[in-house]
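> no letters, just coordinates:
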């Protein structure tokens, strides 16, 4: 099973509250690389737009965990995520350093399934 991506699209993420972002285009771009699930609020509105990359079966076997990205509001950030998942994502391909600008750790009560 390949990586999967969860895209938050609820009260803040994916709405006009985050102006100047082509939300539908962002989702379509990610869908062109991997399966994408649209989620209700992931409860990290201060990080809108939120994208979570879940590891593939091979990545999970290597011990990888989901990687959370926040403030994914520029096409370049979406492209960097798309390129990483195309390469294999968590546990398979090294995460490009540029993505460290967007990576955050949600509190323990927040999960993306």
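Nice, thanks for sending it over. If you're wondering where the values come from, they're calculated on a predicted model, not measured in any experiment.

> which ones are touching the nearest residue to residue 104 once chain neighbours are set aside?
Spatially, and ignoring its direct neighbours in sequence, residue 104 is nearest to residue 70 (4.9 Å; C-beta to C-beta, 6 or more residues apart in numbering). Using the backbone N, CA and C atoms, a C-beta is placed for each residue, glycine as well. Neighbour list for residue 70: 44, 46-50, 102, 104 [criterion: C-beta atoms under 8 Å, 6 or more residues apart in numbering].

> buried subset of those, written for PyMOL?
Written as a PyMOL command, the selection of buried residues from these, which uses 16 or more other C-beta atoms under 10 Å, is:
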select buried, resi 44+47+48+49+50+102
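
> mind listing the residues bridging to the spatially most central residue of the chain?
Of all residues in the chain, the one closest to the mean position by C-alpha atoms, centre = their mean is residue 51, 2.4 Å from it. Counting by DSSP bridges, residue 51 is bridged to residue 7, residue 69.

> longest helix of the chain?
Counting residues, the longest helix found in the chain (DSSP state H) is helix 75-87.

> report pLDDT for the residue nearest to residue 104.
According to the prediction, residue 70 has pLDDT 97.

> residue 112 too?
Value for residue 112, per-residue pLDDT: 55.

> so where's this structure uncertain?
108-113 (pLDDT under 70).

> what segments of it are helices?
Using DSSP H, the helices of the chain run over residues 23-31, 57-61, 75-87.
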